[in-house]
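*Asks:* what follows is a predicted structure for the sequence shown.
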Amino acid sequence: MTTTLPHDPTPDTLVQLLDRVAIEDAAALRALYELTSSKLFGLALRTSYIGEA
């Protein structure tokens, strides 16, 4: 089954996915990762350099 994911998920979409992840839904975890990984990686990079400026 292929699911089309939004490029910019709404808070409601993220909450729904997190609820599904909490009940061990692997597809929801995969979708959540695909939707957020690049933004979270960018955030991690920015915050890791704050103390090095």
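*Replies:* Thanks, I have the structure now.
*Asks:* which SS state does E24 fall under?
*Replies:* On the three-state scheme (DSSP: H, G, I helix; E, B strand; the rest coil), E24 is labelled coil.
*Asks:* next, count neighbours for it.
*Replies:* Look at E24: counted by other C-beta atoms under 10 Å, it has 8 neighbours. (Each C-beta comes from the backbone N, C-alpha and C, glycine too.)
*Asks:* also L32?
*Replies:* 20.
*Asks:* how far away is the closest residue to it other than its chain neighbours from P9?
*Replies:* Distance criterion C-beta to C-beta, 6 or more residues apart in numbering; nearest residue to L32, sequence neighbours excluded, is L17 at 4.4 Å. According to C-beta to C-beta, to the nearest Å, L17 and P9 sit 8 Å apart.
*Asks:* buried sites along stretch 31-39?
*Replies:* 31-32, 35 (16 or more other C-beta atoms under 10 Å).
*Asks:* secondary structure element for P9?
*Replies:* Counting by DSSP states H and E, there is no helix or strand that carries P9.
*Asks:* now the helix or strand of the chain with the lowest mean pLDDT: how far from the chain's centre is it?
*Replies:* Within the chain, no helix or strand scores below helix 26-48, which has a mean of 90 by mean pLDDT, DSSP states H and E. Centre-to-centre, helix 26-48 and its host chain are 4 Å apart (C-alpha atoms, centre = their mean, to the nearest Å).
*Asks:* and it, what other elements does it pack with?
*Replies:* Judged by 3 or more C-beta pairs under 8 Å, 6 or more residues apart in numbering; DSSP states H and E, the packing partners of helix 26-48 are helix 11-22.
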